Every structure is written in C-alpha cells, then in structure tokens.
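*Asks:* Pasting the sequence and the predicted coordinates here, then a few questions.
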Amino acid sequence: MTTVDERPAGFENNDHKPVGHGRMLRKEDPRFIRGKGRYVDDVQLPGMLHCAILRSPVAHARIVSIDTTAAEAHPKVKAVVTGAALTELGLAWMPTLSGDVQAVLATDKVRFQGQEVAFVVAEDRYAARDALELIDVEYDVLDPVIDVRRALEPGAPVIRDDLDGKTDNHIFDWETGDEAATEAVFASADVVVSEDIVYPRVHPAPMETCGCVADYDRIDGRLTLWSTSQAPHAHRTLYAIVAGLPEHKIRVISPDIGGGFGGKVPIYPGYVCAIVGSIVTGKPVKWMEDRSENLTSTGFARDYIMRGEIAATRDGKILAVRTNVLADHGAFNGVAAPVKYPAGFFGVFTGSYDLQAAHCKMTAVYTNKAPGGVAYACSFRITEAVYLIERIVDCLAYELQMDPVELRIKNFIQPDQFPYRTKTGWLYDSGDYEPTMRKALEIAGYDELRREQAERRACGELMGIGVSFFTEAVGAGPRKDMDILGLGMADGCELRVHPTGKAVVRLSVQTQGQGHETTFAQIVAEEIGIPPADIDVVHGDTDQTPFGLGTYGSRSTPVSGAAAALVARKVRDKARLIASAMLEVSVADLEWQKGAFHVKGDPAKSVTIQEIAMRAHGAGDLPEGVEGGLEAQICYNPENLTYPHGAYICVVDIDPGTAQVKVRRFVAVDDCGTRINPMIIEGQVHRGLTDGVGMALMEMIAFDEDGNCLGGSLMDYLIPTALEVPDWETGFTVTPSPHHPIGAKGVGESATVGSPPAIVNAVVDALKPFGIRHADMPLTPSRVWDAMRGVPRPPV
Amino acid sequence: MQVPAPVEYERATSVEHAIGLLERLGGSARLVAGGHSLLPMMKLRLAGPEYLIDINDLHGELGYVDVGAAEVRIGAMARHRELLESDPLAEVFPIFRDAERVIADPVVRNRGTLGGSLCQADPSEDLSAVCTTLGASCVIRGGAGERVVTMEEFHRGPYETAVGDAEMLVEIRIPVRPGGSSAYEKVERRAGDWAIVSAGAAVWLDGGVIADARVGLAAVGPNTTGLPAVSAALRGREPSEELYERAGVLAAESCSPVTDMRGSADYKRHLAKELTKRALRRSVERV
Ligand SMILES: Cc1cc2nc3c(=O)[nH]c(=O)nc-3n(C[C@H](O)[C@H](O)[C@H](O)COP(=O)(O)OP(=O)(O)OC[C@H]3O[C@@H](n4cnc5c(N)ncnc54)[C@H](O)[C@@H]3O)c2cc1C
C-alpha cells in the first residue's frame, strides 16, 4: 500500500508507541491474529440448546395452517413455537426502529421471502435444522409487489393489511429545502440537466452473521444476552420495552463482533425467538443465522430510485439541485435513523457546493422484500446523497464539456463561509475543500492521466478517470434533534485511574473491528499522559459500561471520542488540584506537560500522573474539598454533527471486447480533522474503498418477479476480493472540527460514501466515446456492454 | 453455519471397494471427491444423499497426470492444483494451465478434482470445456469392467452424465497430435466466480494451414458445448483475423445462452464470439 505520510522507524515492532495520538499497532490484534477472539458463536454454556428458524419460501402469502406435530415428535426437539404461540405471549409483533411494527413470527401473512414463520429449539444445531423440515405450513399464495415503481398503483396488492385502515403501500412522504425558490432558479437557469439514477439494494454482508445466546434465569428473572449488536445499551432498553422485562434484569453483552456495517443495529426477530426459547425451556438458547438467512432476511441498504436535476449557468456556476426519490423500504419500515429523519441524513445531497436553492421530495413505500434500510456504512443515507450529487455534477460537466475537477472547484463552498448553512438546513462545521482536491490531483498526476487518456482514446482504448468530492455529516447527534425511539443520541464515558497509574476507560460504543481498544486508549493517553498500553478499554457489556447509543453512522469518535477526551480532562483537572498540594504551589502556578505537572519556570519540580494517582488513593491528606480516588464520568451531548470531507480519484480501464472494468488506480485524500491513529484511519479507508468497488461493480440484492431473492449466497451476491482492488493510494489534509474537543471527525464510512461515485464516474468517463452520460450500478461486464451499445438499463 | 441433513459416511480404500459400496447402497449413495461441489449442495439441502463414499484415499491410485507421446492420461482424482502446476501438461496442452488459473481460488483448487468437475456436469464448468475442446474421452468403471465414452456422450444435460449409479469415472484420455497448441479465455464477474462465458480453443497446423481446430464453450448451453461447425470452417484454411472473426460468429450462432444474474443472453452470445476469436488467436500464436 502506498501512503503519503511516512511511517516512523520501529513502527513494525510497536516500540515507539505514542503516548497519545499517532501511529501504533492495534492493541486488539494479537488476539484476532492468533484466533483468540471471542465471538457470539464461541459462547458455550452448560445445557445450551439451539434455535433454528423456519422461513417463508414465498414473498407474499396468507398462512392457512401450520402443523408442528411431526417436528415436536423429533427426539431432540425441546420446543416448537409459531406466531400463534407468540400472540398469546404478546410477542408476535415488535416495534421497528422507525415507529413501524414488524412480525417476530408471521401470524396472518408472510410478506417477504425469508420471513420468520416458526422456530425450533433442539439439543443441537443439526437437529434443530432437521426439525424445520418436519413443520408443515400451508400457504395461500398472493400476488407480490416487487417492482417499487408499481407499489402505489391503484389495485396493487396491499402488503400491510395488518395496519388499521391501510389501503395502499404508502409509508411516508418527506420533503426538505424550498420548492418554490428552487423552481424559480431552475426556471431561469441557462442549463438544466436531469438524470434518473438508481442506487440498487445492497447488503452489508459482514463476515460474521447475526446471532445470540439468550440465557434466562427463571429464579431471579435475569436475562443475559450475548448478541451481535452494534448498540448494546439501546438494545437493552428496547428489550425491556418489547418483552416487558425490567431493564435492570437485562444484561446485553456484545463480545467481539465480526463486522457490522450497520447490519447489526436493528433488533431482528431471531434475537427475540432465542429469548422466548430460553424463557420457554429454562435453558440457554443459541441462535446463529446462516449465510443465506443473513443475506435474505437481515437489513439491506440503499434501494433508492432517484431523479436528479441540476441547474447552472453556461460557464459552470451551479445554482440549484433538486431530486425526487422513490424509496423501497421492504415489507416493514425498519430504517435505523434518528426519529425526526425518516430519510436519514439524505438532506445533505447538496454536497460540497455553494448553492442558491435546493429541494428534495421523497416517497417511501412497502414492497414484498426484506425490511431494513439500515446503515451499511452509509452515515444514514449519505451514501445515496453523495452518489446523487456527485453523479449529477458529472452529468453537468458532460453537458458543459467542462473538466469535472474544474467544475467542482469552481463551486466549492469557500473556507471563509464556514460554518456554512446549506439550503436544506445543515450546518457544516468546517472545511477547506480546494487543498484536499489539489492534493488528490497531485498524487494522481491528474494532468498526465488526462494526456494518457487522450492518447489511448486515439487508439480505441477505453480509459476512464473519475472524480468525486464528498462532504459527510456524522456523529449523531445533538439530543435536541436526534433520538432513536426516544433515546437521545448522547454517550456516557467513565475513566478510572488505579493507584499505580494504570487506567480503565468504559465506553458505551461497541467496536465491530474499528480498533476502539486502541483509538480510545490513545485519546485518553493524549489527555492524561498515561501510555495507551496502560489503559484498558471496556466496552460492549451493559453491566460494565455507561449508557450510550452505540456504534454506527461513524459516530464513535465524534461522540464517544469527545466523551473520552472530556472525561480524561476532568480527571486531569482533579489531578491538578492534587498536584498543587503535592508540590505546594497554587494551581495557577502549575504547568501540564503530557504525563506530569511541574511548577512554572522550574521543570525539575514535578509530579507524574502516576504519582498523583497513588496520592489520590493514599493515606495522606488531600486538598480541601477533594475526594479520594481519581476517576470521573461524563455524558457528552454533541453540539453539532461533524462534517468530514474528501477527494477521490479513480482510474479504470475497460476491455473494449469484453466490457470488463479493471480499477487501475484509486487515490483517496480524506480530511477527518484531527487524526488519532493514522494507521487505523487508513484501515477504515481501505475497507470503505473496497466496499465501493463492490457496490459500483458487482453487488446487488436482486429479485425475480415472484419475489425470490437472487442474492442468497456469496456465490450469487458477489463481494470483491483482493484481485478486484488496486493498491490504494491514500493521503490526507487536516481541518479540525471546531466544536469537537480534539477536533476529530468520524471516518468510518467516508470511503464507502465517497468511492462509488468516483468509480462510476470513471467508468462513464471511459465510455464517453460511446456518448454515454450515465449508467447505473452495478457495472458488471454485461451491463457495461449494454451501455456501450447505447442501451444502459436500470438494474431494477 | 449451514448444516446438512444426517448422512452415513464411509472411506473407500480402492476403486473396487468404492464400486462395491455403490452397488450395495444404490442410488442413495454418492461419491465425494474434493467435495467442493457436493458439500455446498448438501449444506444448502439441495442434495441429500443417505451415504457418502469418500474416495480421497484413492488419490494415490487415481491422482496421476501421465503425459505420453501419443496420449495424455489423467486420473479422476488429480486435483485442480496438480493440473495447474504440471509443467509437462502445460507443455502439450497450455489450455489446462490457462483454465486452472481462473478456476475458483487456491482453497478450492487444493481439493477439487478433475473427476468431480466433470461428474458435476455444471454447464459453466471450466474443465469440461477444456476436455471438450481437446476431444477427450472418459473412462468409466463399474462392476462389469470399463467403458470409454466421448465428452459428447459423457454429458447428457445439466448435472447429468453417462456415469451409472454403481459406476465411477476413473480416467480422462486426450490424444496428442503434432503441430498443435491450445488456449482458454474466461470472463467472470469477479475472481473465483463461475464463468459468464468461457471458450477453449485447440489448433493443429500443418505447413501454415490449419489441419484441425476445435472450440469448446462453457456457460452458454445445457452442457459445455463442442462446435463441429467451427472446426469445419477452420480446417484447411490459413489462420487470419478474418478467419477468427468467422469462427467467432459461428460460435455465437451455435450456442444457446440464457439471461441470468451473470449477464444477458445477448452479452453472452457476444462473449462467445469474442472469446472464441481470442482463444483461437492465442492458440495459433503458441504453436
Ligand atoms: C467457491 C467455488 C468456486 C468455484 N469456481 C469454479 C470455477 O470458476 N470454475 C469451475 O469449473 N469450477 C468451479 N468450482 C467448482 C470446483 O472446481 C469443484 O471442486 C469441482 O467442480 C468439483 O470437484 P470436486 O472434486 O470437489 O467434486 P465433488 O464435490 O466431490 O463431487 C461433485 C460430484 O461429482 C461426483 N463425483 C466426484 N468424483 C467422481 C468420480 N470419480 N466418479 C463419479 N462421480 C464422481 C460426486 O458424487 C458429486 O456428485 C468452484 C467451487 C467453489 C466452491
């Protein structure tokens, strides 16, 4: 891998661990590399039983009858539970994260292929699965709604007849921006370009599928749940609400997680089934879904059909953007987003440009497909928003015959305009876009690439250069605006320094591979000067950590990272009082140098944080009003989101004979403000870029007209390998967030958000000789070939 | 984890033992070689044999790659990796190495076998296309002895072969002729994926003229397809771009692809043409 900043000597051995921010190897890696990670499926409890779920083979049908007699007779089966049984317990339906309800087990109808119909608890995983085949379900098959464009047609089958008075498949209409002002700008603009743009349904496809072990103790009424959760605290509160169990009797443990990408934010029926299974049998019950179940039933992402329109002057000043979106939410509205944001943060579709007006109108509908609309590293729908604006800006460049870089630079929000209020109401905290763009151009050798392209074009070769520039909105969020089912999106954090100067920091967020055990130790280290190796990071267990809303939407560093820095400063403030007593000078005469206080003008007179820790717990006197111990706790409520940005350049070559796309180079320059551990940031960026190649070139959850999911295995739902991606070339600029205590912005999803448009723009650029202005993802060879022949088809 | 239904398991110690078990257990038994096709189907519960007869211990007996002057003989248990790495094989039939480089991934290639590949009879299977291209014959053994069939006779339809319930494929034989070479071209959506289309070609030159040529395609019909019309059009002609073009057009005309997630039928037909041209061109360059 190529990277622009240099690795300090000795890095490989981790000898030069920074006391604070800087490049160091991850503290958690030894256990992962040696196979000692502990995932949910590694949890084994005495007497544990296994749960398997019977799923609907069809997309839409009325359940006529379910016969479980044969399954119950299986010698290893302990319980068979259907929707009817759950109805008696009041658990057949559960709330989704967006105010809808979802069936735990179908009672009346099945509404998508793969929907949960019944479950079996048996002595082992094999017997549980075998017994599913002994359950006899009679279905009365109904016409499904598969084509989202037809979901609102009069006479379309009504999917959600469980909802009182529901006579259509409409979920919500949502609007942002100023329609009239936008129309006025469009009406008088020199140039208007519009394009139909589809962001197909994709799946987070984490390596570890979803699952849990539920252990209900009948004697003291306590439920312990090991589960694949990105948000253990939020889940605990929801279980208390759904299952009626008292919250203090529920403990959710989210151990090592094998990737989440948003797919482990929702509560899935399987978790509830395992809990019910444990309550019914009095034994611990494990449920681990298999790969097909994961791909066909857990939260999908995207599935937006967008009409984008852009208005500009002839010389390339962008005036306004508007869009009309049709959103496919599947059979239940399970979108995971703050309550007031039914379309997530799609409102940032105005991008990085200074506009006069903007408007968006969206309609969301039900279809007979799996529910979800979860993150998938999308920062709450910003992936769709950035794709829309960055694609439509390229369409404008095409029409104006302008270089796409020049067009972007000409329209950037200027540094002195920050904080910048967008036409859809978002307050961008900070940004300095042009240097980031210029840095990407420099690494890529942009002018040289354009020269090479001209030469290659002259000999019939297809080379494309694609550019994207994104602004993200991450770190949800200020509790006055943002909550999930009434839970404010603020995060707690606790820090305790032990007598010998070692420390433990307790977080509410939960890592799924992002390196929290290292990053958060470094954040604390930077503030109190205790080396990261001496700081234990505890997370993922509701009994051991303070309340907070979890890890998704790139919120861990912007929210919990701020909490960790502030709680460390609180501890430092207390340490200062103790130091003043130890050094017998006033607080004002003390100076802090990472790790120690010394007397101003006399550096020899100093006490280290470790000495202070011992004193705080020691037998000697402490200053007036200072309690013993050295610890603090905090709940951080972010003032605003943070707005990272980045400039991406992709170079592709297309084989004119076979239409295969090869990503030759990819340059990513990210600005996520203060960089805590550059290596971890690069790792996050590499992951997201790989995601981008997947979505742009191969990934799609497709359905046939009967609603059969065509992406039910990793042989059908392709994700990229090392052979499809180039050596990533990364660089950075640093524009700190003004309101974040250490100036950091989130970076977990930047590359997933920013890379698809760069790749698609590159492919479309390569196809310019064919007069192509747009082609939809996924750009498989077959679909690129269609585009080359002038018949680019929407994927759905 | 996807879990298969209950199954009985036995390891065969010789070909006779394996055939004896098949005779005794009948249609409810299946041989398992590398297991890379059969086990995934069992986990998805698309296949549910009652008995598995593991023939991996027969690798010593059937794992050979013998390159003779007049004939190449390959045992059914030769693994993808062994075919990939055999220099003598690449010398006479470079098409094998071309194909093996793009079949699946190293993990699958370490276990998957030639016999399993042919017997799976997946229409997209690459080694079947290779064997079709080279005019291979298949040696099938049963309780009553051996019989030899051509590739055309061997494949009877998707996932269907001439191998009977109590028989097994033991060997592939390929005639070696002078003045020849071969090549394989595949387009896939992603490394390790099955072919959208692949084409194999073999040509034999005599004094600058094509003495014989064969083309085999995968993923564009019920089985990997041999194309006699293409052979007829090439024989006796001097190799040229126009000739390859003509052969490509014939290949596209004589296949029957269907639209699926891998690509549209039109695109596949286009690829049949394009890849036939490329494979022929490369074969001729290699002679
Ligand atoms: C991820 C993945 C990707 C793949 N990609 C490709 C690809 O790109 N191209 C490609 O061509 N293949 C591909 N394959 C298939 C792979 O090559 C298989 O290994 C091969 O098709 C089957 O060989 P096997 O030895 O594993 O057979 P098995 O799975 O053991 O057996 C397959 C079938 O053949 C029967 N059988 C096996 N040996 C004999 C015998 N000697 N006589 C009679 N019957 C027998 C079995 O009973 C079974 O029905 C892929 C497989 C996987 C898992």
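*Replies:* Looks like it arrived, so ask away. Numbers count the residues shown, from 1 in each chain, chains lettered A, B, ... in the order given.
*Asks:* name the element the residue most central in space within chain B belongs to?
*Replies:* The residue lying closest to the centre of chain B (CA atoms, centre = their mean) is B:S128, at 1.8 Å. Under the criterion of DSSP states H and E, B:S128 resides in helix B:126-134.
*Asks:* and that helix, is it in reach of chain A?
*Replies:* No - remark: helix B:126-134 sits outside contact range of chain A, by CB under 8 Å from any CB of the partner chain, the gap being at least 15.1 Å. Yep, even glycine has a C-beta here, placed from its N, CA and C like the rest.
*Asks:* which strands and helices sit next to that helix?
*Replies:* Helix B:126-134 sits against helix B:94-101, helix B:114-120, helix B:151-154, strand B:168-175, strand B:180-188, strand B:195-206, strand B:209-218, strand B:225-226, with contacts defined as 3 or more CB pairs under 8 Å, 6 or more residues apart in numbering or on different chains; DSSP states H and E.
*Asks:* Rebuild those as JSON lines, extending it with mean neighbour count.
*Replies:* As requested, these are exported to JSON lines (neighbours: other CB atoms under 10 Å in any protein chain shown):
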{"stretch": "helix B:94-101", "mean neighbour count": "22"}
{"stretch": "helix B:114-120", "mean neighbour count": "25"}
{"stretch": "helix B:151-154", "mean neighbour count": "19"}
{"stretch": "strand B:168-175", "mean neighbour count": "21"}
{"stretch": "strand B:180-188", "mean neighbour count": "25"}
{"stretch": "strand B:195-206", "mean neighbour count": "27"}
{"stretch": "strand B:209-218", "mean neighbour count": "24"}
{"stretch": "strand B:225-226", "mean neighbour count": "24"}
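*Asks:* Among the ones you listed, which comes closest to A:R687?
*Replies:* Closest approach to A:R687 among these (CB to CB): strand B:180-188, 23.5 Å.
*Asks:* what helix or strand does A:T176 sit in?
*Replies:* strand A:170-177.
*Asks:* got the contact list for that strand?
*Replies:* Residues outside strand A:170-177 that contact it (CB atoms under 8 Å, 6 or more residues apart in numbering or on different chains) are A:100, A:152, A:322, A:329, A:333, A:342-343, A:347, A:357-366, A:423-425.
*Asks:* repeat that for 6 Å
*Replies:* For strand A:170-177, the external contacting residues (CB atoms under 6 Å, 6 or more residues apart in numbering or on different chains) are A:329, A:333, A:342-343, A:347, A:358-365, A:423-424.
*Asks:* got a list of contacts for whichever helix or strand comes after it?
*Replies:* As assigned by DSSP H and E, the chain's next helix or strand after strand A:170-177 is helix A:179-188. Helix A:179-188 has contacts (CB under 6 Å, 6+ apart) with A:192, A:311, A:319-320, A:322, A:356-357, A:359.
*Asks:* Show me what from chain A comes close to chain B.
*Replies:* Taking CB under 6 Å from any CB of the partner chain as the contact definition, chain A meets chain B at A:125-126, A:129, A:290, A:657-658, A:698, A:710, A:718, A:721, A:723-724, A:780-782, A:785.
*Asks:* Buried among those? Need that as a selection in PyMOL.
*Replies:* Listed next is the PyMOL selection for buried residues among the residues of chain A next to chain B, using 16 or more other CB atoms under 10 Å in any protein chain shown:
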select buried, chain A and resi 125+126+129+290+657+658+698+718+724+780+781+782+785
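*Asks:* Relative to the ligand, which of the helices and strands packed on helix B:126-134 is closest?
*Replies:* Proximity of those to the ligand was assessed by CB to the nearest ligand atom; the nearest stretch is helix B:114-120, lying at 2.1 Å.
*Asks:* Which other helices and strands does the closest one contact?
*Replies:* Under the contact criterion of 3 or more CB pairs under 6 Å, 6 or more residues apart in numbering or on different chains; DSSP states H and E, helix B:114-120 touches helix B:126-134.
*Asks:* Keeping just the C-alphas, turn the helix it packs on into PDB.
*Replies:* Extracted in PDB, the C-alpha atoms of helix B:126-134 (Å, rounded to 0.1, in the frame of the first residue of the first chain):
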ATOM      1  CA  ASP B 126     -14.400 -25.000 -17.000                       C
ATOM      2  CA  LEU B 127     -12.600 -28.300 -17.100                       C
ATOM      3  CA  SER B 128     -15.400 -29.900 -19.100                       C
ATOM      4  CA  ALA B 129     -15.000 -27.100 -21.600                       C
ATOM      5  CA  VAL B 130     -11.200 -27.900 -21.700                       C
ATOM      6  CA  CYS B 131     -11.800 -31.600 -22.200                       C
ATOM      7  CA  THR B 132     -14.500 -30.900 -24.900                       C
ATOM      8  CA  THR B 133     -12.000 -28.700 -26.700                       C
ATOM      9  CA  LEU B 134      -9.300 -31.300 -26.600                       C
END
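*Asks:* and it, is it in reach of the ligand?
*Replies:* Yes - using CB under 6 Å from any ligand atom, helix B:126-134 reaches the ligand at B:126-127.
*Asks:* Model confidence for the closest residue to A:V760 other than its chain neighbours, exactly?
*Replies:* With CB to CB, 6 or more residues apart in numbering or on different chains as the criterion, A:V760 has its nearest non-adjacent residue at 5.4 Å, and that residue is A:A696. pLDDT for A:A696: 98.
*Asks:* Also B:G226?
*Replies:* pLDDT for B:G226: 75.
*Asks:* Not counting its neighbours along the chain, what's nearest it?
*Replies:* Closest residue to B:G226 apart from its sequence neighbours, by CB to CB, 6+ apart: B:T132 at 4.7 Å.
*Asks:* neighbouring strands for the least confident helix or strand in chain B by mean pLDDT, and are they parallel or not?
*Replies:* Taking mean pLDDT, DSSP states H and E as the measure, the helix or strand of chain B with the lowest value is strand B:225-226, at a mean of 73. When pairing is defined by DSSP bridges, strand B:225-226 lines up against strand B:209-218 (antiparallel).
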